[in-house]
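[1] Below: sequence and its predicted model.
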Amino acid sequence: MRKSFIDAGEIVTTHGVRGEVKVLTWLDSPEMLCEFERCRIDGKEYSIEACRVQKNCNLLKLQGIDAMEIAQGMRGKVIQIYREDISNEVIFGDELIGVEVFSDEKAIGKITEVLDYPGNSVYVIDGGKYMIPAVKEFVLSTDIDKNVMQVKLIEGMGRDEN
């Protein structure tokens, strides 16, 4: 199911005295956060005046946050991006939770967790009943709007296989 907002990272500290915040990004890469002009924190929209990458984090200057003291009050808060600002072709792991998974037209369960590994993600079906690598060979199609995914199962993906 498509969400209205995507959790993009957490403000971990401040940077400098002019109100910049350092964000530990949860997106595929820190560069991705720099593509957005706005974000949301605690239900309030902020314009992103500047964004730059520092190692695996982002340094953000948000409109209206002009002092270190104000920025310090934002530590620990989650930054969200607006789903409408992202291409519909992009699917986030959070949006896959609860998606009904089918193999050969037979329902095998729902995605309960998405595990991120360096090589690829793995979709956990019904708490571990199946573990499906998120690669084209096994994930045949995904329709978030209909809340369904078609997969190809092979031996070893099921927990209770003989």
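    Sure, I can see it.

[2] Report the helix or strand with the lowest average pLDDT across this protein.
    Taking mean pLDDT, DSSP states H and E as the measure, the chain has helix 93-96 as its least confident helix or strand, at a mean of 90.

[3] and the residue most central in space within the chain, what pLDDT?
    For the chain, the residue nearest the mean C-alpha position is residue 92 (4.7 Å; CA atoms, centre = their mean). With respect to pLDDT, residue 92 has a value of 88.

[4] so how far is residue 128 from the nearest residue to it once chain neighbours are set aside?
    Excluding its sequence neighbours, the residue lying closest to residue 92 (CB to CB, 6 or more residues apart in numbering) is residue 6, at 5.4 Å. C-beta coordinates here come from the backbone N, C-alpha and C atoms, glycine included. Relative to residue 128, residue 6 is positioned 26 Å away (CB to CB, to the nearest Å).

[5] Neighbour count for those two, which is higher?
    Under the criterion of other CB atoms under 10 Å, the comparison of residue 6 against residue 128 puts residue 6 first, with 21 against 11.

[6] Strands of the chain, start to end?
    5-15, 20-25, 38-41, 44-54, 57-62, 78-82, 100-103, 106-116, 121-125, 130-133, 139-143, 148-151 (DSSP state E).

[7] quick check: angle from the first one to strand 57-62?
    What it means is strand 5-15. For the pair strand 5-15 and strand 57-62, the angle between their directions (axes from the mean of the first three to the mean of the last three CA atoms, to 10 degrees) equals 90 degrees.

[8] what angle sits between strand 5-15 and strand 78-82?
    Here strand 5-15 runs at an angle of 140 degrees relative to strand 78-82 (the same axes, to 10 degrees).

[9] average pLDDT across strand 5-15?
    Mean pLDDT, computed over strand 5-15, is 96.

[10] what packs against that strand?
    Secondary-structure packing of strand 5-15 (3 or more CB pairs under 8 Å, 6 or more residues apart in numbering; DSSP states H and E): strand 20-25, strand 38-41, strand 57-62, helix 68-72, strand 78-82, helix 93-96.

[11] What would the fifth one look like as PDB? C-alpha coordinates only.
    The reference is to strand 78-82. Below are the C-alpha coordinates for strand 78-82, written out as PDB (Å, rounded to 0.1, in the frame of the first residue of the first chain):
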ATOM      1  CA  VAL A  78      12.400  11.500  11.900                       C
ATOM      2  CA  ILE A  79      12.500  13.300   8.600                       C
ATOM      3  CA  GLN A  80       9.800  12.200   6.200                       C
ATOM      4  CA  ILE A  81       9.500  12.900   2.500                       C
ATOM      5  CA  TYR A  82       6.300  13.300   0.600                       C
END
